[in-house]
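Engineer: Return atomic coordinates for the entry below.
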Amino acid sequence: MEDPLASSTNTATLAAPAARRGRGFYFPDVTDAEWNDWKWQFRHRITSLEELCRLLPIPEGERDTRGQVLRDFRMGIPPYYLALIDADDPHDPILRQAVPVSDELWNRAVGDEDPLAEEAYSPVPGITHRYPDRVLMVISNTCAVYCRYCTRKRIMYDDAVPELELDRMVEYIAKTPAVRDVVVSGGDPLHLSTPKLERILAKLRAIPHLEIIRIGTRVPVALPQRIDDELCDMLQKYHPLWINVHFNHPRECTPEAARACDKLSRAGIPLNNQSVLLRGVNDDVPTMKALVHGLMRMRVRPYYLYQCDPVRGTEHMRTTVAKGLEIIEGLRGHTSGLAIPTYVVDAPGGGGKVPVTPDYLQGYDPVTGVARLRNFQKREFVYTDPRPRLGPDLGTIDVVLVEGEPGHANGNGHANGNGNGHGHANGNGNGNGHANGNGNGNGVAEVRVPANGNGFGPVQGGVASPANGQGPVVGKSTWVHGRGNRLPTL
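Structural biologist: Residues are numbered from 1 along each chain as shown. Below you'll find the predicted structure:
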């Protein structure tokens, strides 16, 4: 499809300057060897306001305010990730995730230090045991990039978790047979050296009842150079191992990130993405659709879309729940189901993840077994629960259709009401949706099909079949690929 901007006669659009971003703009003197060395990237993270001001245009009047923000929550931005920022855009979606802004100071009294009550459900330091069969294990207080909306701002002050605490975490899991799944998180576990991370994974894998190990990381997004052959060779020794990555914007789906994800996938590690819904970053349908499509191309499954946690200082980044529902509805039916994440609110106070979905189920009566459904086009349908099997002594079966005004349809079997509606009609009925048989009318129909051997049973494939066991129950379909309307030769 032709890009409409490519043929535009708007000279202002055509003459618009290229965005000022990229390695060549920010770091023109860095060699390839340095740039591709994850340790160089980590050592040269931008951590001070002075460094930041040399690279990005920070308004003079905001420098003191942003300095106060950094006294509350530190900053760390690898050169690679900073190079994704458009220097001319103060609202750049990558900038909003990593660079401190004045809003953090004005909102510092709003929200909670530990909104998910992780420490209230902590039997030993570093472990959160909220769900019966799985635990969270925080093995690091350091990240490659410090996200401004981080739910664990409260712990991002020390550079390392002591070995004694790590051993106590492992010991707790080993003594708790109900735990079959552990999420190894932080901070970011993948910033650790490969030997240190392997020591932790080896201790976990030695626990007999622990089935699954998951790692939560933002390294493939912010520091993809870290995903090297040595790391992948080590990780694949500890299967079943899963990795949850954290992409929030399509501009993060770079060739470097794609290579990092490919290396992990080739090591046999399934990748799931956990996005956070952020105001001004990804809170519209086109951006989220571009993100999930980019992830699918990298063989990363969109897993969760989190409502932003009410952490202190993040009020300016939070959206409404209605916005999240709007985005999910804008994806459903407009892209493949595999690309649609589950939208969840992590309930404040330790309630756990609560899935939130648009109102596709309009109503359900468990007595009659009738569910009223709405699809992505806002059309309504009816689905009925399975009925008892047909037989000579089971009487009749009722099937209910929806929509329209009462009408009449007559034919084989007994159909009263209208036959032009959305639903499943057996006997007669000719209309929109799934109507089997023939008839006319609009709206709601109640169809009764005798099950005593007299008359016709359900219509399948346009062919009526007797209900007395003297013929095929399922008729032959006229939809035969490559043969027109001819049935296959038996």
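Engineer: Give me the buried stretch members for the helix or strand that contains residue 324, please.
Structural biologist: In this structure, residue 324 sits in helix 321-331 according to DSSP states H and E. Judged by neighbour count (16 or more other C-beta atoms under 10 Å), helix 321-331 contains these buried residues: 324, 326-331. Quick note: C-beta positions are derived from backbone N, CA and C, even for glycine.
Engineer: Same check on stretch 295-309?
Structural biologist: Using 16+ other C-beta under 10 Å as the test for burial, stretch 295-309 gives 295-296, 298, 300, 302-309.
Engineer: Same question for stretch 74-89.
Structural biologist: So, applying 16+ other C-beta under 10 Å, buried residues of stretch 74-89: 74-87.
Engineer: same check, this time on stretch 101-113
Structural biologist: 101-105, 107-108, 111.
Engineer: likewise stretch 263-274?
Structural biologist: For stretch 263-274, the buried set under the neighbour-count rule, 16+ other C-beta under 10 Å, comprises 263-265, 267, 269, 271-274.
Engineer: I'd like the mean pLDDT over that stretch, please.
Structural biologist: Averaging pLDDT along stretch 263-274 gives 98.
Engineer: do the same with stretch 202-213
Structural biologist: For stretch 202-213, the mean pLDDT works out to 98.
Engineer: just stretch 240-255 next, same as before
Structural biologist: Here the average pLDDT along stretch 240-255 is 98.
Engineer: Sort out which one of the buried residues of stretch 263-274 lies nearest residue 161 for me.
Structural biologist: When the buried residues of stretch 263-274 are ranked by distance to residue 161 (C-beta to C-beta), residue 274 comes first, at 21.8 Å.
Engineer: wait, that closest one sits on residue 300?
Structural biologist: No: here residue 274 does not reach residue 300: they are 10.5 Å apart, not a contact under C-beta atoms under 8 Å.
Engineer: List the contacts of the helix holding residue 324.
Structural biologist: Helix 321-331 is contacted by residues 277, 283-285, 288-289, 292, 305, 307, 339-340, 343, 345, 356-358, 376 when judged by C-beta atoms under 8 Å, 6 or more residues apart in numbering.
Engineer: Tell me the first helix or strand C-terminal of it.
Structural biologist: Following helix 321-331 toward the C-terminus (DSSP H and E): strand 342-347.
Engineer: Pairing partners for that next one, with directions?
Structural biologist: strand 301-307 (parallel), strand 352-355 (antiparallel) (DSSP bridges).
Engineer: so which of these gets nearest residue 42?
Structural biologist: Residue 42 lies closest to strand 301-307 among the strands paired with strand 342-347, at 26.0 Å (C-beta to C-beta).
Engineer: Just confirm residue 233 is within a helix.
Structural biologist: Yes: Residue 233 forms part of a helix when assessed by DSSP: H, G, I helix; E, B strand; the rest coil.
Engineer: What is the neighbour count of it?
Structural biologist: 11 (other C-beta atoms under 10 Å).
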